[in-house]
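1. The sequence and its predicted three-dimensional model are supplied below.
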Amino acid sequence: MNTELMEALTILEKEKNISRETMLEAIENSLVSACKNHFGTSDNIKVIMNKETCDYAVFAEKQVVEEVTDPVLEISLEDAEKIDSSLQIGDVAQVKVESKSFGRIATQNAKNLILQKIREEERKVVFDQYFEKEKDIVTGIVQRYVGKNISINLGRADAMLTENEQVKGETFKPTDRIKLYVVEVKNTPKGPKILVSRTHPELVKRLFEAEVAEVKDGTVEIKSIAREAGSRTKMAVYSNDENVDPVGACVGMNGARVNAVVNELRGEKIDIINWSDNPALLIENALSPAKVISVMADPDEKIASVIVPDYQLSLAIGKEGQNARLAARLTGYKIDIKSETQAIESGELPENYMDQMGMMDEEGYVGEYEEAYDSDEGYEDEPEFYETEE
């Protein structure tokens, strides 16, 4: 039994996850290569290996002839009988080749072949490991800044977090542990090239899958995500179980679940809304926290007209248009938002709309108000309004 070879193969299998069969095949190929370098040909070389004991033997198949003209491929009858007395002219003799008889160059080439195979298999194992994590999240350790890019150690491989995939305002120190979304894994001659991101919307989805059991087991589905990395994310969720509140499940008790995701995203705000197959209701929810009077959606043209109370217009649009922009991305609709006054002027609401709603006093003053909201039914077709006491 070749104990030294067995120990070496066991170490490679444990440390680098390279199978014994692969390495035995590499050794076999290296012996054939050494024979070719030593004898000038390997056509008649046969390697016999025992995968259990790791014992191996190399034989050169030579034809028995009366007069030898090519000692590499032929053997005399006299020499053949020393190996096997039953051999006759025309038979093929199995001549054992001692590896120690190989020259220095042949030995070095065989060694390089084995080392090359080890490197190739190691790269393949690492590629397979991270290819399985494509479109998933991994935890990495910040190593250093390379220009404006960040080198991240993922364990058995390094990744480069490029400037385009970084969140503006986020800074890291060496040894910081961060979560990253694996966008793509490419196999290159120098090893796997792993593209990671901190800005991808799917990062938020994967973080919720890790924090919320209902999302992980499929009870709650994340239907759509719109994200402006580092600032705000809107996420629409739906429950496949009528007894499970999808928003509540994602928020968690006292906000524990959503806060864990917010902390990982360094304070990024997250709005979680209920998904609806009704586009009007979905758009209404997407514009949260703004209150909505009416939504007219065209599913064919993917456009929607939304009317909000005057005092809610700036909230519906959001700072620099962010709320409306994210709502449009979340729903896939081009959203046109108007205030009540604008809607009355354009004829979308009747001029006596305020009178009809009972909101105008004798002096023509319209007080502040807010709509009554039912979390199960949404806003009613004709919502109630409440005047604020002065």
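-> That came through, no problem. Numbers count the residues shown, from 1 in each chain.

2. tell me the contacts of the residue nearest the centre of the chain?
-> Centroid-nearest residue in the chain, with Cα atoms, centre = their mean: K135, separated by 2.2 Å. When the contact criterion is Cβ atoms under 8 Å, 6 or more residues apart in numbering, the partners of K135 are 181-183, 202. To be clear about C-beta, it is placed using only N, CA and C from the backbone, and glycine gets the same treatment.

3. Let me have those residues in a markdown table, extended by pLDDT, distance to D271 and neighbour count.
-> Below are these laid out as a markdown table (pLDDT from 0 to 100; distance: Cβ to Cβ, whole Å; neighbours: other Cβ atoms under 10 Å):
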| residue | pLDDT | distance to D271 | neighbour count |
| --- | --- | --- | --- |
| Y181 | 95 | 20 | 24 |
| V182 | 95 | 26 | 25 |
| V183 | 93 | 24 | 17 |
| E202 | 94 | 17 | 17 |
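
4. out of those residues, who's nearest K51?
-> Each of the contacts of K135 was checked against K51 using Cβ to Cβ; the closest is V182, at 35.9 Å.

5. unless I'm mixing things up, the closest one is touching F131, no?
-> No - if you go by Cβ atoms under 8 Å, V182 and F131 don't touch, sitting 9.1 Å apart.

6. Do me a favour and average the pLDDT over stretch 215-230.
-> Stretch 215-230 carries an average pLDDT of 94.

7. Which positions within the biggest strand by length in the chain qualify as buried?
-> What stands out as the longest strand in the chain, according to DSSP state E, is strand 177-188. For strand 177-188, burial by neighbour count (16 or more other Cβ atoms under 10 Å) applies to 178-183, 185.

8. How about the contacts made by the residue lying closest to D158 once chain neighbours are set aside?
-> Distance criterion Cβ to Cβ, 6 or more residues apart in numbering; nearest residue to D158, sequence neighbours excluded, is S151 at 6.0 Å. Residues near S151 by Cβ under 8 Å, 6+ apart: 142-145, 158-161.

9. how about the helices in the stretch 251-390 of the chain?
-> Counting by DSSP state H, counting those that start in this stretch, the stretch 251-390 of the chain has helices at residues 256-264, 279-286, 313-317, 322-331, 340-346, 353-356.

10. possible to save these as JSON lines with mean pLDDT?
-> Below are the helices of the stretch 251-390 of the chain laid out as JSON lines (pLDDT from 0 to 100):
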{"stretch": "helix 256-264", "mean pLDDT": "94"}
{"stretch": "helix 279-286", "mean pLDDT": "94"}
{"stretch": "helix 313-317", "mean pLDDT": "93"}
{"stretch": "helix 322-331", "mean pLDDT": "95"}
{"stretch": "helix 340-346", "mean pLDDT": "85"}
{"stretch": "helix 353-356", "mean pLDDT": "58"}
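
11. ok so, going back, what's the distance between the residue nearest to the centre of the chain and E202?
-> K135 sits 7 Å away from E202, going by Cβ to Cβ, to the nearest Å.

12. what sits in contact with each of those two?
-> Counting by Cβ under 8 Å, 6+ apart, the common neighbours of K135 and E202 are Y181.

13. now, the most widely separated pair of the contacts of K135?
-> The widest separation within the contacts of K135, taken as Cβ to Cβ, falls between V182 and E202 and amounts to 9.6 Å.

14. what helices or strands is the longest strand of the chain leaning on?
-> Where contact means 3 or more Cβ pairs under 8 Å, 6 or more residues apart in numbering; DSSP states H and E, strand 177-188 is packed against helix 104-131, strand 137-146, strand 191-197, helix 201-211.

15. Turn these into JSON lines, including distance to D245.
-> Shown next, in JSON lines, are the helices and strands packed on strand 177-188 (distance: least, Cβ to Cβ, whole Å):
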{"stretch": "helix 104-131", "distance to D245": "37"}
{"stretch": "strand 137-146", "distance to D245": "25"}
{"stretch": "strand 191-197", "distance to D245": "31"}
{"stretch": "helix 201-211", "distance to D245": "15"}
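
16. Looking at the ones you listed, which is nearest to E81?
-> Taking the helices and strands packed on strand 177-188 one by one with Cβ to Cβ, helix 104-131 is closest: 29.2 Å.
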